[in-house]
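Enquirer: structure of the sequence below:
(one chain, ligands or ions: 2)
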Amino acid sequence: MNREKKRKAYCIAVTSLKGGVGKTTISVNLASALSTIGHKVLLVDGSIYNPGIALALGIEDNAEGLRKIMKEGNLKESVISDKRTGLDLLLVDKPMLTVKIAKPNIVRLLDKVKDSYEFVIIDVPHNIPMDMLFRFIDEIMITATPDMPAVAHLPKLYSILRRKRIRSGLIMNAVERRGYDLDYNTIRESTGIDPLGELPRDENVYRCAMDGTPVVLKYRNSPFSVGIYRIAKAVERRQKI
Ligand SMILES: Nc1ncnc2c1ncn2[C@@H]1O[C@H](COP(=O)(O)OP(=O)(O)OP(=O)(O)O)[C@@H](O)[C@H]1O
Ligand SMILES: [Mg+2]
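Expert: Ligands and ions are numbered 1, 2, ... in the order given. Next comes the predicted model:
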């Protein structure tokens, strides 16, 4: 995990303990925000069973992306550039239901790009073993919604990450502050960490999901975008440490 020795890019895996809590939405918007403020960013769709980044960005490119790398190991030819966001993308064109992810060494292949980017953001499904990420990433960014099924096991997860000295952040997403939502203090006390950011439930997120545009591009001043830019600034600071 010593970035200075090993790499230039600051690599963040956005993941969660539970599905459907906003990993893809956050990966796409955080990457786009970092790109908008001038960074060179590679966004990787690690969600190989249910890829979502091409959809979220309205990209119809059928590039084989990650699958090509797994077959041929050629990273440069597998990355595409998105003019609208300024992002470089490593996509997945169709669900890879039969791939054994532990085998094709994506991690080793991704290691090759570290010198070409300032940030690498990987949208990682919640149901893969996290330890395969530990060698490559600088930070695990856990996403959760403020309800018990999403946060119940976070304290255990954070104690493991602390023991393994993995830098981690927590983003609370789709926060509505309804009476029965878990509040910030309860989450902080039970996980032992300060959430890096809070993102409100925002109907612009649904709108943008429907038309394949990052919220931060289309609704720059929406509550969700403001939250994402705040997280992007926090991530910039963490990159320097
Ligand atoms: N802050 C938010 N406000 C409103 N809707 C949201 C917000 N965050 C995510 N959503 C919506 O919730 C749904 C799930 O989000 P998303 O696909 O990003 O989750 P995910 O964790 O990537 O899911 P999966 O585990 O299936 O990959 C989507 O319809 C998305 O538009
Ligand atoms: Mg997803």
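Enquirer: flag every residue of the chain that's near ligand 2.
Expert: 23-24, 47, 52 (C-beta under 5 Å from the ion). C-beta coordinates here come from the backbone N, C-alpha and C atoms, glycine included.
Enquirer: so which residues of this protein form strands?
Expert: For the chain, the strands defined by DSSP state E occupy 10-15, 41-45, 80-82, 87-90, 119-123, 139-144, 168-175, 197-200.
Enquirer: so which elements touch the third one?
Expert: Packed against strand 80-82, as judged by 3 or more C-beta pairs under 8 Å, 6 or more residues apart in numbering; DSSP states H and E, are the following elements: strand 87-90.
Enquirer: paired strands for the strand it packs on, with orientation please.
Expert: strand 41-45 (parallel), strand 80-82 (antiparallel) (DSSP bridges).
Enquirer: and the last one, what's buried?
Expert: So that's strand 80-82. Neighbour-count burial for strand 80-82 flags D82 (criterion: 16 or more other C-beta atoms under 10 Å).
Enquirer: contact partners of the biggest helix by length in the chain?
Expert: Looking across the chain with DSSP state H, the single longest helix is helix 223-240. By C-beta atoms under 8 Å, 6 or more residues apart in numbering, the surrounding residues in contact with helix 223-240 are 10, 12, 26, 29-30, 33-34, 37, 39, 118-119, 138-139, 167, 169, 171, 196-200, 202, 204-205, 215-216, 219.
Enquirer: contacts with ligand 1 among the residues you listed, please.
Expert: 199, 202, 205 (C-beta under 6 Å from any ligand atom).
Enquirer: for the residues you listed, which single residue is the most surrounded?
Expert: L199 (27 neighbours; other C-beta atoms under 10 Å).
Enquirer: and the gap between that one and I12?
Expert: Separation of L199 from I12 (C-beta to C-beta, to the nearest Å): 16 Å.
Enquirer: cool, and T85?
Expert: 17 Å.
Enquirer: just the closest residue of this protein to ligand 2, please.
Expert: Using C-beta to the ion, T24 is the residue of the chain that sits closest to ligand 2, at 3.3 Å.
Enquirer: can you give me the neighbour number for the nearest residue in space to that residue that is not next to it in sequence?
Expert: Once flanking residues are discounted, T24 sits nearest to G52: 4.1 Å by C-beta to C-beta, 6 or more residues apart in numbering. Close neighbours of G52, defined as other C-beta under 10 Å, add up to 19.
Enquirer: quick check: G52 touching G22?
Expert: No. Judged on C-beta atoms under 8 Å, G52 makes no contact with G22 at a distance of 11.1 Å.
Enquirer: point out where this protein drops to low pLDDT.
Expert: 1-7, 61-65, 67-74, 98-110 (pLDDT under 70).
Enquirer: ok, and of the residues of the chain next to ligand 2, which contact ligand 1?
Expert: Near ligand 1, by the rule C-beta under 6 Å from any ligand atom, you find 23-24, 47, 52 out of the residues of the chain next to ligand 2.
Enquirer: list just the nearest of the residues you listed to E189.
Expert: Of all those, E189 sits closest to K23, with 24.4 Å by C-beta to C-beta.
Enquirer: give me the number of residues near the closest one?
Expert: 27.
Enquirer: and it, how far from Y158?
Expert: K23 is 17 Å from Y158, by C-beta to C-beta.
Enquirer: repeat for I171
Expert: For I171 relative to Y158 (C-beta to C-beta), the value is 14 Å.
Enquirer: the two: who's more crowded?
Expert: I171 (25 against 19).
Enquirer: might you report the residue contacts of the more buried one?
Expert: Contacts of I171 (C-beta under 8 Å, 6+ apart): 22, 26, 141-144, 195-199, 231.
Enquirer: wait, T15 sits on N127?
Expert: No. Distance between T15 and N127: 9.7 Å, which falls outside the contact criterion (C-beta under 8 Å).
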